[in-house]
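**Q** Let me see the structure of the following:
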Amino acid sequence: MANRKAHRPFGAVTVVPYGHNMRVIPRKILDETDWSALENRNGPSYPDTPTLLSGLTSDDLPAVEAALFHLSHGLIEYPNAYSAAVPAAQYVAAVLDDPHSNDLLVQGRPLRAALLTWLAGVVDSVSDARERDFIELAGYSPMDYPTSTFRKIREIRPQLFSAVAAHLSDHDPVVRQEAVAAAVVIAMAPELTLRRAMLMPAVRDVLAVSSSPAHRRLATTAIQAWSDDSGPA
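**A** Numbering: from 1, shown residues only. Take a look at the predicted model:
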């Protein structure tokens, strides 16, 4: 577990807007984001974060692995989500559409599957449960601040859901399973309540019969919570 501390929970973050039906060029997000105004675990996110993230579209496996490590360990640290995680999440969502993300294998599975897993994790990092953990450790809620990273990531949950949902029927069963799992995690958000019904067949047919205990538990949680079309935020 990461160091149990709560610091630098918020900072000015500009969300990169785009419509759900528009394909986003990943490089544009890297180029147009003011990374120097954002933070990662070690402080200012420029130049490390954009440089490392650019490796996700590389054919260089060590560069891809370094990018994935940075996503998981440089942008999320219990109970913090650092401000650079906001454009990073948008960038990862855009990379999902790159065929390269399904062709390259990282530790035996498609890169796209790893990216979907991370998107689920970054959304979970600002869930109500994580907010309660933050309050317990810090004595205040990050949601008290209008520019908090918690708020900014929550604001883009519909955008991230749309990017993930595009892969619910992916031809690769590993990717498909991670897409369903990520979509379920994101759909726990109250603003996505109406999306839950369309997920239920996949929850039962994909997650509930998964070989992964974590995915089966997630399926059970979703089925129980969404049986009356209402669930936790």
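
**Q** which residues of the chain score low on pLDDT?
**A** 1-23, 229-233 (pLDDT under 70).

**Q** can you list contacts of stretch 71-79?
**A** 1-4, 6, 40-42, 48-49, 52-53, 81-82, 84-85, 88, 92, 118, 121-122, 125, 130, 133-134, 137-138 (C-beta atoms under 8 Å, 6 or more residues apart in numbering). Just so you know, the C-beta spots here come from the backbone N, C-alpha and C atoms, and that holds for glycine as well.

**Q** Give the buried residues for it.
**A** Neighbour counts over stretch 71-79 (16 or more other C-beta atoms under 10 Å) mark Leu71, Gly74, Leu75, Ile76, Glu77, Tyr78, Pro79 as buried.

**Q** And for the closest residue in space to Arg216 that isn't next to it in sequence, the neighbour number?
**A** Closest residue to Arg216 apart from its sequence neighbours, by C-beta to C-beta, 6 or more residues apart in numbering: Ser210 at 5.6 Å. Residues lying near Ser210 (other C-beta atoms under 10 Å) number 17.

**Q** Contacts only, for the spatially most central residue of the chain.
**A** Centroid-nearest residue in the chain: Leu119, 1.9 Å away (criterion: C-alpha atoms, centre = their mean). Leu119 makes contact with Ala89, Val92, Ala93, Leu160, Ala163, Val164, Ala182, Ile186, according to C-beta under 8 Å, 6+ apart.

**Q** on that earlier part again, ok, of the contacts of stretch 71-79, which come out buried?
**A** Applying 16+ other C-beta under 10 Å to the contacts of stretch 71-79 flags 6, 40-41, 48-49, 52-53, 81-82, 84-85, 88, 92, 118, 121-122, 125, 130, 133-134 as buried.

**Q** Filter the contacts of stretch 71-79 down to just the ones in strands.
**A** Those of the contacts of stretch 71-79 mapping onto strands are Asn40, Ala81, per DSSP state E.

**Q** So which of the contacts of stretch 71-79 belong to helices?
**A** Residues of the contacts of stretch 71-79 located in helices (DSSP state H): 48-49, 52-53, 85, 88, 92, 118, 121-122, 130, 133-134, 137-138.

**Q** If we only consider the contacts of Leu119, which is nearest to Asp60?
**A** Asp60 lies nearest to Val92 out of these, by C-beta to C-beta, at 17.8 Å.

**Q** how far away is the closest residue to Thr33 other than its chain neighbours from Trp226?
**A** What sits nearest to Thr33 in space, not counting adjacent residues and going by C-beta to C-beta, 6+ apart, is Pro87, at 4.4 Å. Plainly put, Pro87 is 31 Å away from Trp226 if you go by C-beta to C-beta, to the nearest Å.
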